Structure formats: C-alpha cells, structure tokens
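Enquirer: task: produce atomic coordinates for the following.
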Amino acid sequence: MTSAADPLFVDTNVLVYASWAAAPLHAHARSVLATHRSNGAPLYISRQVIREWLATLNRPRTGLALTDLITEAQAFDAHFAILDDTAPTTANLLALLPQASGVRVHDVNIVATMQAGGVQRLLTNNPKDFAAFSHLITVLPLV
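Expert: Presented below is the predicted three-dimensional model:
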C-alpha cells in the first residue's frame, strides 16, 4: 500500500507536458506535480527520462530553442531526484524483460530504474504501457 507522500517517479510524457506551454495537458500536468509536491512526495526522474525529454522537445514543431532546453535540463536536479542507470538497473531490466511481452524496452527500463531506486509509484499519461508491471509498481494516470 502506498501513500500520497511516497516517492513518485515522473514519466517522460508528464515532464514534457509540464515543461512545454503549448502541450495540451500543460496546466494539468503542472497542477498534478504541484499537488504531489505539496503532499510531500519526493519526485524522481532518471537520466533516461531527461534524454527522452530532450529528444521529444528538440524538434522544430515545438518552437523551443536547444539552448533553453539545455538550461532547463541542467536545472532538473533542483526539482527532482535523478536516478542513474546502474548495474542493478541493468540486472532488473534483464530480469523484467521476459515478463514484458510486447512492452518497449525503454518502458521496462523505467520500471527497472524505479526498482533500483526504491520508488514504487509512477505518474504517467500512458498507464497501459506499464500494465504488465502492476504487481510491482503503482501506476497513477495523469488523467
């Protein structure tokens, strides 16, 4: 059983929505993150999430300058605890992959990273991507 103050891993899509003012769920994502912070939940991301965030937002359609994205990424550690890909993360990934038929490796790696970091809750706008791991983590849908 988890509580509102338990650590929370933030999936890339939520971070994108919260960061990009033109995103359709921008205000909602910011509000949900603020609520979790006010409940005392430590917020976590990983280096993988930072790479995915950069890859998503560093596209012409966003209109965002790379220099601004780099500056924002450099400030993430002031707002989030950042989990690294470690040997235990890789071991978890390799152990989880057989349970993840059809699930993309980067989603499995998020679960592996959460396990290595001791984080059991995930905030995402793609809860179906993590359904195979509902016995391991608590998935909180953004909407």
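
Enquirer: could you verify that Leu97 is part of a strand?
Expert: No - going by DSSP: H, G, I helix; E, B strand; the rest coil, the assignment for Leu97 is helix, not a strand.

Enquirer: just confirm it contacts Asn109, I think it does.
Expert: No - between Leu97 and Asn109 there is no contact under C-beta atoms under 8 Å: 9.5 Å. Heads up, the C-betas are built off the backbone N, CA and C, glycines and all.

Enquirer: okay, the two: which has more neighbours?
Expert: Legend: neighbour count by other C-beta atoms under 10 Å for Leu97 and Asn109, higher for Asn109 (19 against 14).

Enquirer: am I right that the more buried one is in a strand?
Expert: No - using three-state DSSP, the secondary structure at Asn109 is helix, not a strand.

Enquirer: neighbours of the residue lying closest to it once chain neighbours are set aside, how many?
Expert: Spatial nearest neighbour of Asn109, excluding adjacent residues (C-beta to C-beta, 6 or more residues apart in numbering): Leu93 at 5.3 Å. Using other C-beta under 10 Å, Leu93 has 21 other residues around it.

Enquirer: please report phi then psi for Leu93.
Expert: Backbone torsions of Leu93, given as degrees, to the nearest 10, read phi -60, psi -50.

Enquirer: need the contact list for it.
Expert: Counting by C-beta atoms under 8 Å, 6 or more residues apart in numbering, Leu93 makes contact with 105, 108-109, 112.

Enquirer: buried set for stretch 18-35?
Expert: Residues of stretch 18-35 classed as buried: 18-20, 23, 25, 28-30, 32-33 (neighbour count, 16 or more other C-beta atoms under 10 Å).

Enquirer: which pair in these spans the largest distance?
Expert: Trp20 and Val32 (15.1 Å; C-beta to C-beta).
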